[in-house]
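Chemist: give me the fold of what follows.
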Amino acid sequence: MSVLEIKGLTVQVTTEDGPKEILRGVDLTVKAGEIHALMGPNGSGKSTLAYAIAGHPKYTITGGQVTLDGQDVLEMSVDERARAGLFLAMQYPVEVPGVSISNFLRTSITAIRGEAPNLRHWIKELKESMAGLQIDPQFAERNVNEGFSGGERKRTEILQMELIHPKIAVLDETDSGLDVDALRVVSEGINRVCDKGETGVLLITHFTRILKYVKPDFVHVFYDGRIVREGGPELADDIEANGYAQFVTA
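Modeler: Sure thing, here's the model as predicted:
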């Protein structure tokens with residue numbers, strides 16, 4: 001069983017006024033087969049945690065450790081983290097001009113597995129996953145995210161996760177900008193991956209609406225760069241009823 005362990009993680013960014021600490025000692029463990037919802041208001045540091053785990057150069061690790069199955073994630077390059085089994089679905093997926101979705105995914109899977117997937121099996125798997133996410137088959141030959149709507153970009157992110165089969169998936173506000181129908185489809189894709197029991201999911205959000213479709217095993221409240229409360233799904237109900245202000249002095 002794969003395990004992502006974060007211990008005492010502190011992170012800062014450089015601003016016009018000098019270094020600014022964003023994460024102030026984060027402790028979190030995510031195991032394969034588990035769904036963790038990380039909830040908090042805007043500006044609390046949730047996305048910083050996601051990008052720090054993924055290795056974004058904007059963020060400087062000043063303390064703590066992150067390990068995946070005992071391996072030091074912070075010593076890995078970005079591509080090494082992906083090959084080790086980490087996956088990040090970005091809040092704002094970027095365009096990749098000149099690279100089709102089909103080629104992008106097959107190249108990614110080849111890099112992770114060390115060999116190219118059987119072409120016939122690959123085409124079948126791609127078509128099935130696209131159908132499950134209600135993605136037009138013609139999108140396979142379109143450039144990654146180029147001219148896509150917000151919902152189409154989010155579906156493409158989940159398509160990547162479903163085909164790559166990561167050990168740990170960090171989903172940064174995947175529900176952002178989705179209408180009701182797209183939210184349901186994207187949530188069903190997340191559940192299909194989770195139901196296999198091989199992927200642990202860290203679902204970052206500040207709304208509870210996606211949790212009506214994706215049921216978390218654990219809920220963590222993030223405030224001012226650290227986790228201030230932890231619990232089960234009932235904690236999300238508490239947030240829906242009473243907001244985040246109750247955690248200001250926690």
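Chemist: please count neighbours and contacts with C-alpha atoms only from this point.
Modeler: Will do.
Chemist: for the protein, which spans come out with low pLDDT?
Modeler: For the chain, the stretches with pLDDT under 70 are 249-250.
Chemist: now the helices for it?
Modeler: Assigned by DSSP state H, the helices in the chain fall at 46-54, 78-84, 101-113, 119-132, 150-164, 180-195, 234-242.
Chemist: which elements pack onto the shortest one?
Modeler: Same thing as helix 78-84. Packing contacts for helix 78-84, counted by 3 or more C-alpha pairs under 8 Å, 6 or more residues apart in numbering; DSSP states H and E, involve helix 101-113.
Chemist: hmm, back to that, can you put the helices of the chain in TSV and add distance to G25 and mean neighbour count?
Modeler: Compiled in TSV, the helices of the chain are given as follows (distance: least, C-alpha to C-alpha, whole Å; neighbours: other C-alpha atoms under 10 Å):
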stretch	distance to G25	mean neighbour count
helix 46-54	11	22
helix 78-84	22	18
helix 101-113	31	17
helix 119-132	38	14
helix 150-164	28	22
helix 180-195	28	18
helix 234-242	22	15
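Chemist: of all the ones you listed, which one comes closest to G18?
Modeler: For G18, the closest of these is helix 46-54, at 17.3 Å, according to C-alpha to C-alpha.
Chemist: any chance of JSON lines for the helices of the chain, columns distance to M39?
Modeler: What follows is the helices of the chain, written out as JSON lines (distance: least, C-alpha to C-alpha, whole Å):
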{"stretch": "helix 46-54", "distance to M39": "8"}
{"stretch": "helix 78-84", "distance to M39": "24"}
{"stretch": "helix 101-113", "distance to M39": "30"}
{"stretch": "helix 119-132", "distance to M39": "27"}
{"stretch": "helix 150-164", "distance to M39": "19"}
{"stretch": "helix 180-195", "distance to M39": "17"}
{"stretch": "helix 234-242", "distance to M39": "8"}
